[in-house]
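Undergrad: Here's my sequence, what's the structure:
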Amino acid sequence: MSHLRVTLVQTDVFWENPSANRAQLEELLHSNHNATDLIVLPEMFTTGFTMHAASLAEVHNLDTFKWMKQMAAFFSCAIVGSYIVKENDKFYNRCILVHPSGSYDTYDKRHLFRMGGEDAIYTAGTERKLWTIKDWSIAPFICYDLRFPVWSRNHSPQYDLALYIASWPSKRASVWKTLLAARAIENAAFVIGVNRVGEDGNHLTYAGDSQVIQFDGTVLYDLKNDIQVVTITLDKEPLSQYRSAFPVHLDADDFKLLL
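TA: Here you go, the predicted model:
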């Protein structure tokens, strides 16, 4: 139970075409299948990072959610990614984790990217979440959340793995890589960042650079700029040993978030 197998899916995204993206991802997953506990898809994996929420949003239990349930059941693992969800006449950039049993967990993006107009279209989340797969505690975050260390702060510690799914443009690739390493070091946790590649409908390009980073900042895997499906295995025992030998969390400042 100390091992967690994670499949990173770094792919291009058809602009605002959910059915094409689901079909592409299904083919990629079938062609590159390895036994895994968790499949990780990028942010807004059905549409790309679009502000056209009114025409593209789904209510919770429609096509994409049903597709995720099918994938989780077929591959006997959990699957996670974000897409546009409409609820009570509001739009959310919602990260959904679907377990093979069909049960699910959600996280709504807290920090909305105002420079792209996301804050004018979507509603910000108000809750940090902790998910459990096997005996691993996982904290989910979405893209711009990466810039805000207080939101990611690992009290006690609470989580073993921080998961960042993103549509992070290539012109800020160095920031992406720097902050992923910083979040791993400051929180003494594994960090996985899954980003997309290609060009979107706004002519923004994406360099990928999906990474798996160890608790001391060591980059274990870097997917560079290629479309890839890669399965890696994390071991929690070295993390436990590191926290015992170097318990920085015992000297962390205590605080409460005011939302």
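Undergrad: any idea where the helices of the stretch 1-150 of the chain begin and end?
TA: Using DSSP state H, counting those that start in this stretch, the helices of the stretch 1-150 of the chain run over 18-31, 53-56, 63-75, 118-121, 149-152.
Undergrad: For the last one, which outside residues touch it?
TA: Under the criterion CB atoms under 8 Å, 6 or more residues apart in numbering, residues 110-111, 128, 139, 141, 145-146, 162, 182-183, 186-187, 255, 257 lie in contact with helix 149-152. Using the backbone N, CA and C atoms, a C-beta is placed for each residue, glycine as well.
Undergrad: just the fourth one next, same as before
TA: Under the criterion CB under 8 Å, 6+ apart, residues Met51, Ala53, Phe91, Asn93, Leu112, Phe113, Arg114, Tyr144 lie in contact with helix 118-121.
Undergrad: now do the second one
TA: Helix 53-56 is contacted from outside by Glu16, Pro18, Thr46, Thr47, Thr50, Ile84, Lys86, Phe91, Ile121, Tyr122, using CB under 8 Å, 6+ apart.
Undergrad: One more pass at 10 Å, please.
TA: Helix 53-56 is contacted by residues 16-18, 44, 46-48, 50, 83-86, 90-93, 118, 121-122 when judged by CB atoms under 10 Å, 6 or more residues apart in numbering.
Undergrad: Just the buried subset of the residues you listed, please.
TA: The neighbour-count test (16 or more other CB atoms under 10 Å) marks 16-18, 44, 46-48, 50, 83-86, 91-93, 118, 121-122 as buried among those.
Undergrad: could you pull out the strands for the chain?
TA: 3-10, 38-40, 78-87, 90-98, 104-108, 131-133, 136-142, 161-165, 190-194, 197-199, 205-207, 211-213, 219-222, 228-235 (DSSP state E).
Undergrad: how about JSON lines for those strands, with mean pLDDT added?
TA: JSON lines is the format used below for those (pLDDT from 0 to 100):
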{"stretch": "strand 3-10", "mean pLDDT": "98"}
{"stretch": "strand 38-40", "mean pLDDT": "98"}
{"stretch": "strand 78-87", "mean pLDDT": "98"}
{"stretch": "strand 90-98", "mean pLDDT": "98"}
{"stretch": "strand 104-108", "mean pLDDT": "98"}
{"stretch": "strand 131-133", "mean pLDDT": "98"}
{"stretch": "strand 136-142", "mean pLDDT": "98"}
{"stretch": "strand 161-165", "mean pLDDT": "98"}
{"stretch": "strand 190-194", "mean pLDDT": "98"}
{"stretch": "strand 197-199", "mean pLDDT": "98"}
{"stretch": "strand 205-207", "mean pLDDT": "97"}
{"stretch": "strand 211-213", "mean pLDDT": "98"}
{"stretch": "strand 219-222", "mean pLDDT": "98"}
{"stretch": "strand 228-235", "mean pLDDT": "98"}
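Undergrad: Let me know which of those strands is tucked in deepest.
TA: Among the strands of the chain, ranked by average contacts under mean count of other CB atoms under 10 Å, first place goes to strand 190-194 (a mean of 27).
Undergrad: Partner strands of that one and their direction?
TA: Sheet pairing of strand 190-194 (DSSP bridges) gives strand 161-165 (parallel), strand 211-213 (antiparallel).
Undergrad: can you put those in TSV and add distance to Ala57?
TA: Below are the strands paired with strand 190-194 laid out as TSV (distance: least, CB to CB, whole Å):
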stretch	distance to Ala57
strand 161-165	18
strand 211-213	30
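Undergrad: which one of those lies closest to Ala78?
TA: Closest to Ala78 of the strands paired with strand 190-194 is strand 161-165 (CB to CB; 11.2 Å).
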